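Student: next comes the sequence, and after it the predicted model I'd like to discuss.
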Amino acid sequence: MKLVINGETRALERVNTISELIDRLGLGGRRIAVELNDHIVPRTRHAETPLSDGDRIEIVHAIGGG
Amino acid sequence: MTGSATESTPRFDKPLVIAGRSFTSRLLVGTGKYRDFDETRAATEASAAEIVTVAVRRSNLGQNPDEPNLLDVISPERYTILPNTAGCYSARDAARTCQLARELLDGHNLVKLEVLGNAQTLYPNVVETLAAARTLIDDGFDVMVYTSDDPIVAAELASMGCCAVMPLGSLIGSGHGLLNPHALSLIIEAAQVPILVDAGIGTPSDAATAMELGCDGVLINSAIAHARQPALMARAMRKAVEAGREAWLAERMPRKTYAASPSSPAEGIIGS
């Protein structure tokens, strides 16, 4: 399936949910926030939120800044 | 931080209260521009800051899973994390960044709003800032807002419900200090909410001057991170903020045109 992750189109083997995608990307257990097609998906709903071909996903974290 | 404030705030001062939370330290620090997390940690500790800003950015997807995370170094259990909207040029992007930050920090709703107008100067776009502040306040955020040193804009941001107004001393990262202390004084005199100088502080004397003007606090990043020895500069900034605050509370002597009053008695001088 194709997903646009952080602005980059990626072809991935089928992932069913946001939780699966996070694990696939090696980001499991990290402090991140996720947006699916411009809407925030709360952490508690990652496991139950399905992904479809063409979905746009933003994954962010905190970095140094003033 | 609430609770500890009453014990460690000097008796002659009251804590800094922002959106109902009390703080002892009036120095807020950023976490950008450090060489590594060890340096960030050392400088942040030396500053004794309780409120620490962070930025929100896209995760690097190729990253090493063991790569340390800023929030492991600057932990939300120890510090009040203040996510910023640095790099946003529209009200929409700024609001979206704050919403992501709230999710990232488990519902934490204190944010630093900054909407920039120009990449060369990083001067704030006050039109977009006002629009973003309205959206964020309506969405339940406690908004500390970076703005220009225009007293009318500052008053407008306070009256719409921002919990702190943070005018620039000079351009972000410039180290030029306070270029218009008179405008800052006008903002402070009319203040309905805490006023913090954000941006431009270059050296501890700038921070002390800001506090002597009556600011409630200062936010510093570059002047500490870009010092040759950041942790030492962080300590110097902490002292400067404390000195400036105490000087303001003590109320300075009046300025005189001539040295009409020597410090030592005029009587009993030998040879007179």
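Tutor: Sure, I can see it.
Student: can you tell me how far B:Q192 sits from chain A?
Tutor: Using CB to the nearest CB, to the nearest Å, one gets 25 Å for the distance from B:Q192 to chain A. (Glycine included, C-beta is placed from N, CA and C.)
Student: just the helices in the chain please.
Tutor: Chain wasn't specified; assuming chain A. With DSSP state H as the criterion, chain A has helices at A:18-24.
Student: that answer is for a different chain, and I need it for chain B
Tutor: B:4-8, B:37-47, B:70-73, B:91-104, B:126-138, B:151-159, B:181-189, B:204-212, B:222-225, B:230-250.
Student: format those as a markdown table; extra columns: distance to A:R56, mean neighbour count and mean pLDDT.
Tutor: Below are the helices of chain B laid out as a markdown table (distance: least, CB to CB, whole Å; neighbours: other CB atoms under 10 Å in any protein chain shown; pLDDT from 0 to 100):
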| stretch | distance to A:R56 | mean neighbour count | mean pLDDT |
| --- | --- | --- | --- |
| helix B:4-8 | 44 | 12 | 50 |
| helix B:37-47 | 31 | 19 | 97 |
| helix B:70-73 | 25 | 17 | 91 |
| helix B:91-104 | 13 | 22 | 95 |
| helix B:126-138 | 22 | 20 | 97 |
| helix B:151-159 | 33 | 19 | 97 |
| helix B:181-189 | 41 | 17 | 97 |
| helix B:204-212 | 43 | 23 | 98 |
| helix B:222-225 | 34 | 24 | 97 |
| helix B:230-250 | 39 | 19 | 97 |
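Student: ok, which of those helices comes nearest chain A?
Tutor: Minimum separation from chain A across the helices of chain B (CB to the nearest CB) falls at helix B:91-104, 4.0 Å.
Student: which residues are in contact with the closest one?
Tutor: Applying CB atoms under 8 Å, 6 or more residues apart in numbering or on different chains, the external contacts of helix B:91-104 come out as A:31-35, A:38, A:40, A:42-43, A:58, A:60-62, B:56, B:83, B:85, B:88, B:108-109, B:111, B:113-115, B:128-129, B:131-132, B:135-136, B:139, B:141.
Student: show the buried residues in the residues you listed.
Tutor: Neighbour-count burial (16 or more other CB atoms under 10 Å in any protein chain shown) is assigned, among those, to A:31-35, A:40, A:43, A:58, A:60-62, B:56, B:83, B:85, B:88, B:108, B:111, B:113-115, B:128-129, B:131-132, B:135-136, B:141.
Student: so for A:L27, what's the pLDDT?
Tutor: In this model, A:L27 is scored at 89, pLDDT.
Student: and stretch A:50-66, C-alpha only, in PDB?
Tutor: Taking Å, rounded to 0.1, in the frame of the first residue of the first chain, the C-alpha atoms of stretch A:50-66 are listed here in PDB:
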ATOM      1  CA  PRO A  50      -7.400   1.700  10.200                       C
ATOM      2  CA  LEU A  51      -5.300   2.900   7.400                       C
ATOM      3  CA  SER A  52      -6.200   3.000   3.700                       C
ATOM      4  CA  ASP A  53      -4.200   3.400   0.600                       C
ATOM      5  CA  GLY A  54      -3.200   7.000   0.000                       C
ATOM      6  CA  ASP A  55      -3.700   8.200   3.600                       C
ATOM      7  CA  ARG A  56      -1.500  11.100   4.600                       C
ATOM      8  CA  ILE A  57       0.200  10.700   8.000                       C
ATOM      9  CA  GLU A  58       2.200  13.100  10.000                       C
ATOM     10  CA  ILE A  59       4.400  11.800  12.900                       C
ATOM     11  CA  VAL A  60       6.000  14.400  15.100                       C
ATOM     12  CA  HIS A  61       8.100  14.600  18.200                       C
ATOM     13  CA  ALA A  62       9.700  17.200  20.400                       C
ATOM     14  CA  ILE A  63      13.200  18.600  19.600                       C
ATOM     15  CA  GLY A  64      15.300  21.400  20.800                       C
ATOM     16  CA  GLY A  65      13.800  24.900  20.200                       C
ATOM     17  CA  GLY A  66      13.400  28.300  21.700                       C
END
